[in-house]
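Student: just the structure for this:
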Amino acid sequence: MSNPALSNNPALNGKTLTADELRRIYEQPAAQTQRPGVDTPAAKASYGGIQHPPVAPSDKPMTYENTISKTVMLFVIVLAFGAVGWFMPALALPAAIIGLVLGLVNSFKKQPSVPLIVLYAVFQGVFLGGISGIFESQWSGIVSQAIIGTLAVFATVLILFRNGKVRTSPKMNKIFMVAIFGYLAFSLVNVVLMLTGVNQDPWGMRSGPLGVAIGALAVLLASYSLVMDFELIQNGVKNRVPEKWAWSAAFGLMVTLIWLYVEILRILAILRGD
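Tutor: The predicted model follows:
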């Protein structure tokens, strides 16, 4: 899946939940003996055909509302620290490295960590602000164009998803994974060639028409990743997982949207640079 932080949780990835998985997710003990007149079958929720006690009142479930609020909060942090990177672009590279490490840690943690997710937003904000300032100084207006492009793609995918026009499938997921690994391999080779001086072009092998084509492919991959994110969030809300998983959902969306923005920014720079 696109975001291990979401797909590693069985309540988010759409798989049928077993009783053990449900107890682990909700951190509840084994189901108690039903109390006549108190725990009636009608009072129990069914997940994957399994009867299980509803979430305790103190355990708020994940909803679309609290997922949106946490997502907005993270992007406010990104914007706030983006201002730091904008005026201090030298911090962009170290922030990118730290952000990458934090992204990997958050992606493969079994439980969401709010401090680590917030720190990821902080360093990614510095990174995005730094590169955006550099690009804006070279090509005036390019940042606003990239933001508009990112929002347009996000809105289009969301509308299509809400209308049931786009969904994932096992076959498409496999194609997506193959394409992602191919894209990552190409990007790694490109970086190595640029760092070793074999290719001295500012974009390496991603210049000209080939660079635009690779960027377009990346935008398509990011768009499909958004569909996967939306489905995982939908599964989490339907399964009424604890609210803490809304942080993982917000983190997953942030990762995809940052990737999308960077790719659109790079495409615009390549086109305007020519």
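Student: now the helices for this protein?
Tutor: With DSSP state H as the criterion, the chain has helices at 4-7, 19-26, 64-87, 92-108, 114-138, 142-162, 170-195, 208-238, 245-273.
Student: columns distance to Pro202 and mean neighbour count on top of those, output as a markdown table?
Tutor: Yep, even glycine has a C-beta here, placed from its N, CA and C like the rest. As requested, the helices of the chain are exported to a markdown table (distance: least, CB to CB, whole Å; neighbours: other CB atoms under 10 Å):
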| stretch | distance to Pro202 | mean neighbour count |
| --- | --- | --- |
| helix 4-7 | 32 | 22 |
| helix 19-26 | 48 | 16 |
| helix 64-87 | 20 | 17 |
| helix 92-108 | 15 | 17 |
| helix 114-138 | 10 | 20 |
| helix 142-162 | 15 | 16 |
| helix 170-195 | 8 | 13 |
| helix 208-238 | 10 | 19 |
| helix 245-273 | 8 | 23 |
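Student: okay if I get those helices as TSV plus distance to Asp201 and mean pLDDT?
Tutor: Formatted as TSV, the helices of the chain follow (distance: least, CB to CB, whole Å; pLDDT from 0 to 100):
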stretch	distance to Asp201	mean pLDDT
helix 4-7	34	53
helix 19-26	49	51
helix 64-87	25	95
helix 92-108	19	93
helix 114-138	15	96
helix 142-162	19	96
helix 170-195	8	91
helix 208-238	9	93
helix 245-273	10	94
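Student: Leu158 contacts Phe230, doesn't it?
Tutor: Yes: the pair Leu158 and Phe230 qualifies as a contact (CB atoms under 8 Å) at a distance of 7.0 Å.
Student: and Ile131, what does it touch?
Tutor: Contacts for Ile131 were tallied using CB atoms under 8 Å, 6 or more residues apart in numbering; they are Gly85, Pro89, Ala92, Val262, Leu265.
Student: for the closest residue to Ile233 other than its chain neighbours, give me its contacts.
Tutor: Nearest non-adjacent residue to Ile233, counting by CB to CB, 6 or more residues apart in numbering: Ala249, 4.7 Å away. Ala249 is in contact with Leu6, Leu12, Met62, Thr67, Lys70, Thr71, Asp229, Leu232, Ile233, Gly236, counting by CB under 8 Å, 6+ apart.
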